[in-house]
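**Student:** Quick one: sequence plus predicted model below, questions after.
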Amino acid sequence: MATVAVANLTKHYGKTVGVDDLSLQIGDGEFFVILGPSGAGKTTTLKSIAGLLDIDGGTVHIGGTDMTRVEPYHRNVAMAFESYALYPQKTLRQNLASPLKSGRTGNYTAAQQQERIDQVTTTLGINHLQDRFPRELSNGQRQRVALGRVLVRPADVYLLDEPLSHLDAKLRAEMRAELKTLGAMSNTTTIYVTHDYQEALALGTRIAVIRNGKLVQVDTPAEIWHHPADTFVARALGQPEINLVDAVVDGGNVIIPGTKFAIPVPGDLGLGAGDKVRIGIRPSDLDLVAQAEESAGHVTVPGRVILAERLGRNIEVSVDLGGTTLIGLSPGGPLAEEGVDVAIRVDLEHVHLFAAGDGDTARLGSAAQRRKEF
Ligand SMILES: Nc1ncnc2c1ncn2[C@@H]1O[C@H](COP(=O)(O)OP(=O)(O)OP(=O)(O)O)[C@@H](O)[C@H]1O
């Protein structure tokens, strides 16, 4: 177990930005997730912590010790990559035993080795396959063995780079649950890279969202979900994506022009008449009701369902509010039908306000302000 502190980390590949002045503080025993789209700099960050890259600037401390110039071998971190190599001529058990034989992490008796192997293979659901060779395993099983090769070795920090990316959705969900128990069990500091927001929300004690090599927000999954720092973070989480709609301050209300959407202007944000903002509403926070009735703490707006498509367990509904369409997720029923006049109802706490603009714009007000806004 160890803390990890990355300060002002910078790495360029020629003219391409890998990471740019990135700072992260990771606590002892944390399961810390780095979330970001392809090319955001996730792998570059992990490799820098592992010592596998020549960085341009910044420092890496592990367990309070400056490791910036220390060879990877002496950092006592274990890193798993997206693509894994297994020894083809060794069984699953032998593949997992080899990291325990290197000697640098202590000497294990055969019984101790087997105990660790059993623990890891049980967690990963491959205990019954210990005598198989890699060629006798499915891709998903091979990926789990490769992950096992990392986890079997005691290390101060595990660095996992999209370890579930090659698994199908069902297996991924299962493995996610298993990894969570493993994290809780081993108590080792883990830094886990993914571009899958569900994985990030399910696994992370905290999540760092990065974009173009820069940190955008770092917080608990609940904070990131409920108080995204900007529209980029808001859009990165949730499927279907958060609705983002232009709005304007009119009198004491924020309104969406052309619709009956009106919410009181939140205090403390310094908004005045005519100011433009963007409203964000997650589809999962939008309920369909029969009519627009006043309801304390909510905004209700009449509209019409113009599209209803099944999306797994839910129906994705597009509701036209008068030239503005919002997407909602409904469990079904008579309101979730095309052509039906309905109203949408949203808890005011779930109405996000962002600065006006087309690209990524910032959340208005601090998280603390926003929480007591309405
Ligand atoms: N060896 C390299 N040479 C040149 N450019 C690189 C190299 N490695 C990474 N990059 C670039 O640096 C940026 C960050 O890459 P990185 O692999 O860290 O992103 P990532 O977030 O891990 O992406 P992915 O999810 O696709 O793996 C990208 O623009 C990438 O093209």
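**Tutor:** Cool, got the structure.
**Student:** Looking at residue 262 now. What's its pLDDT?
**Tutor:** Looking at residue 262, its pLDDT is 95.
**Student:** That one pairs with what?
**Tutor:** Beta-bridge partners recorded for residue 262 (DSSP bridges): residue 255.
**Student:** Quick check, it in contact with residue 255.
**Tutor:** Yes - the criterion here is C-beta atoms under 8 Å, and residue 262 meets it with residue 255 at 4.8 Å. (Each C-beta comes from the backbone N, C-alpha and C, glycine too.)
**Student:** can you list the residues of the stretch 51-200 of the chain near the ligand?
**Tutor:** Within the stretch 51-200 of the chain, the positions near the ligand by C-beta under 6 Å from any ligand atom are residue 195.
**Student:** What segments of the stretch 51-200 of the chain are helices?
**Tutor:** 92-97, 110-124, 139-151, 169-186, 197-203 (DSSP state H, counting those that start in this stretch).
**Student:** Quick check: which helices or strands does the longest one pack against?
**Tutor:** The one in question is helix 169-186. helix 110-124, helix 139-151, helix 197-203 (3 or more C-beta pairs under 8 Å, 6 or more residues apart in numbering; DSSP states H and E).
**Student:** Of those, which is nearest residue 2?
**Tutor:** Among the helices and strands packed on helix 169-186, helix 139-151 comes nearest to residue 2, with 16.1 Å by C-beta to C-beta.
**Student:** in the closest one, what counts as buried?
**Tutor:** For helix 139-151, the neighbour count (16 or more other C-beta atoms under 10 Å) marks 140-151 as buried.
**Student:** Return the list of helices and strands in contact with that helix.
**Tutor:** strand 77-80, helix 92-97, helix 110-124, strand 157-161, helix 169-186.
**Student:** Least reliable of the ones you listed by average pLDDT, please.
**Tutor:** For the helices and strands packed on helix 139-151, where the average pLDDT is lowest is helix 169-186, sitting at a mean of 75.
**Student:** what angle sits between that helix and helix 139-151?
**Tutor:** Helix 169-186 and helix 139-151 are oriented at 20 degrees to each other (axes from the mean of the first three to the mean of the last three C-alpha atoms, to 10 degrees).
**Student:** Now render the helices and strands packed on helix 139-151 as CSV, adding mean neighbour count.
**Tutor:** Shown next, in CSV, are these (neighbours: other C-beta atoms under 10 Å):
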stretch, mean neighbour count
strand 77-80, 22
helix 92-97, 22
helix 110-124, 17
strand 157-161, 24
helix 169-186, 15
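**Student:** elements contacting the lengthiest strand in the chain?
**Tutor:** Longest strand of the chain, by residue count under DSSP state E: strand 298-311. Applying 3+ C-beta pairs under 8 Å, 6+ apart, we find strand 298-311 packed against strand 314-320, strand 325-330, strand 341-347.
**Student:** before we move on, back to that, can you redo the helices and strands packed on helix 169-186 as TSV with distance to residue 48?
**Tutor:** Shown next, in TSV, are those (distance: least, C-beta to C-beta, whole Å):
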stretch	distance to residue 48
helix 110-124	27
helix 139-151	18
helix 197-203	20
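**Student:** Report the mean confidence score over stretch 242-253.
**Tutor:** Throughout stretch 242-253, pLDDT has a mean value of 94.
**Student:** any idea how far it is from the chain center?
**Tutor:** 28 Å (C-alpha atoms, centre = their mean, to the nearest Å).
**Student:** got it, and stretch 41-52?
**Tutor:** Once both centres are worked out by C-alpha atoms, centre = their mean, stretch 41-52 turns out to sit 18 Å from its chain's centre.
**Student:** and if you look at stretch 250-265?
**Tutor:** 32 Å.
**Student:** low-confidence ranges in the chain?
**Tutor:** The model of the chain has pLDDT under 70 over residues 81-84, 103-106, 183-186, 366-374.
**Student:** can I see the domain layout of it?
**Tutor:** Using automatic domain parsing, the domain parsing of the chain gives 4-235, 240-371.
**Student:** Pick the most buried one from the ones you listed.
**Tutor:** Comparing those by mean neighbour count (mean count of other C-beta atoms under 10 Å), domain 4-235 ranks first with a mean of 18.
**Student:** Cool, thanks, talk later.
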